[in-house]
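Peer 1: Quick one, fold the following:
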Amino acid sequence: MKTKDLFEMAGDPRFIEGIYNYCDRWCERCPFTSRCLLYAQEQADADGPEANDINNEAFWQKLRSIFEQTHEMLTVMAKERGIDLDSLDLVEEESRARRRRAKSKSHELSRAGEHYADLVNQWFDLEYPRIEAALDAGQTDLPLVDFDNQEKIERVSDAIEVIRWYQFQIAVKIMRGLTRNDEVDDDDEEDNVTDGLQQKDSDGSMKVALIGMDRSIGAWGRLKEEFPEHAGDILPLLVHLERLRRKSEHTFPNARNFIRPGFDEAPDSFVS
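Peer 2: Got it, this is the predicted structure:
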């Protein structure tokens, strides 16, 4: 895609500005792909399987094209925002970034998020095989389809898909929220404006983490309903997530109120 085409796409009113900054990257489940510039660009760049082969020249040509587009856009954006790209103290900035990442990683919320991911892995290693066996036992070789069991399998599959999608993303979004919060504290400024209101980017990341927790809690609840005999081994995961959710809301009291472009706006506020 040419840089001119990219700028033209960015100015297309059908795209919601910044919607991709606060999503969960689950494009297959997203109702806003037609309004997302990032998704449209990815689709436009889908030149065929050969473009994904790192040994193919098409891959490197595409990578070079993306670099050129990004370089030109960065130059324009930096000029618009008064950022001097030549004066950046790389050593000090990287040192500060490392300190922020280390601090965020050691935070109790980050540790709890990573522990949740470990608990999920343990559950799937130890408990899920018994659930799979129960589902297989409900299958029949008869020509008639057991629709009740088939629907149960679909419900369970949907719940597992949700759990696995957010398993690691929760910790990642928490860590980003903590890191961005430290950056704002250092700079003493808020860095996002939506509908005339200043919003902290850290709250946006934490809101995505909280949504992941909400949906994961719902998915675990679904599994508990489908397999009440496994309530005892599912409960610790629900308790851990609920505690993490409450502590996250306490640490970031404004996260739930963060307005994500598109997702949290009234339809008439972004439809062109």
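
Peer 1: Can you tell me how far S205 is from G11?
Peer 2: 27 Å (CB to CB, to the nearest Å). (C-beta placed from N, C-alpha, C; glycine too.)

Peer 1: ok, those two, which is more surrounded?
Peer 2: Neighbour comparison, S205 and G11: the larger count goes to S205, with 25 against 9 (by other CB atoms under 10 Å).

Peer 1: Secondary structure element for the more buried one, which one?
Peer 2: In this assignment (DSSP states H and E), S205 forms part of helix 201-226.

Peer 1: helices and strands around that helix, which ones?
Peer 2: helix 147-166, helix 169-187, helix 231-251 (3 or more CB pairs under 8 Å, 6 or more residues apart in numbering; DSSP states H and E).

Peer 1: List the buried residues in that helix.
Peer 2: Using 16 or more other CB atoms under 10 Å as the test for burial, helix 201-226 gives 201-213, 215-217, 219-220, 222-224, 226.

Peer 1: Ok, stretch 107-122 next?
Peer 2: 107, 109-110, 112-114, 116-117, 120.

Peer 1: swap in stretch 33-47?
Peer 2: 35-41.

Peer 1: Could you list which of those belong to helices?
Peer 2: 37-41 (DSSP state H).

Peer 1: if we can go back for a sec, winner for burial among the helices and strands packed on helix 201-226?
Peer 2: Greatest average neighbour count among those goes to helix 169-187 (a mean of 20), per mean count of other CB atoms under 10 Å.

Peer 1: Can you name every helix or strand that that one contacts?
Peer 2: Helix 169-187 packs on helix 90-106, helix 108-126, helix 201-226, going by 3+ CB pairs under 8 Å, 6+ apart.

Peer 1: got the angle for the last one vs helix 147-166?
Peer 2: Just to be clear, that refers to helix 201-226. Interaxial angle of helix 201-226 relative to helix 147-166 (axes from the mean of the first three to the mean of the last three CA atoms, to 10 degrees): 150 degrees.

Peer 1: likewise the second one?
Peer 2: Direction vectors for helix 108-126 and helix 147-166, defined by the same axes, to 10 degrees, enclose an angle of 140 degrees.

Peer 1: Return the next helix or strand after helix 108-126 as CSV; C-alpha atoms alone will do.
Peer 2: Sequence-wise, the next helix or strand downstream of helix 108-126 (DSSP H and E) is helix 128-137. Output of helix 128-137 as CSV, limited to C-alpha atoms (Å, rounded to 0.1, in the frame of the first residue of the first chain):
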residue,chain,number,x,y,z
TYR,A,128,-10.1,-30.5,31.6
PRO,A,129,-9.3,-34.1,30.4
ARG,A,130,-12.1,-35.3,32.7
ILE,A,131,-14.5,-32.9,31.1
GLU,A,132,-13.4,-34.0,27.6
ALA,A,133,-14.1,-37.6,28.6
ALA,A,134,-17.6,-36.6,29.9
LEU,A,135,-18.4,-34.9,26.6
ASP,A,136,-17.1,-37.9,24.6
ALA,A,137,-19.2,-40.2,26.7
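
Peer 1: What is helix 128-137 packed up against?
Peer 2: helix 147-166.

Peer 1: Contacts for the helix it packs on next, please.
Peer 2: With contacts defined as CB atoms under 8 Å, 6 or more residues apart in numbering, helix 147-166 is touched by 24, 26, 120, 131, 135, 138-140, 212-213, 215-216, 218-220, 222-223, 226.

Peer 1: give me that answer again for 6 Å
Peer 2: 26, 135, 138, 212, 215-216, 219, 222-223, 226 (CB atoms under 6 Å, 6 or more residues apart in numbering).

Peer 1: In CSV, list the C-alpha atoms belonging to that helix.
Peer 2: Provided in CSV are the C-alpha atoms of helix 147-166 (Å, rounded to 0.1, in the frame of the first residue of the first chain):
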residue,chain,number,x,y,z
PHE,A,147,-28.8,-32.3,19.7
ASP,A,148,-28.8,-31.6,23.5
ASN,A,149,-25.3,-33.0,23.8
GLN,A,150,-24.2,-31.2,20.6
GLU,A,151,-25.4,-27.9,22.0
LYS,A,152,-23.7,-28.5,25.3
ILE,A,153,-20.4,-29.2,23.4
GLU,A,154,-20.8,-25.9,21.5
ARG,A,155,-21.5,-24.0,24.8
VAL,A,156,-18.4,-25.5,26.4
SER,A,157,-16.3,-24.8,23.3
ASP,A,158,-17.4,-21.1,23.3
ALA,A,159,-16.5,-20.8,27.0
ILE,A,160,-13.1,-22.4,26.6
GLU,A,161,-12.4,-20.1,23.6
VAL,A,162,-13.1,-17.1,25.7
ILE,A,163,-11.0,-18.3,28.6
ARG,A,164,-8.0,-19.1,26.4
TRP,A,165,-8.2,-15.8,24.5
TYR,A,166,-8.0,-13.7,27.7
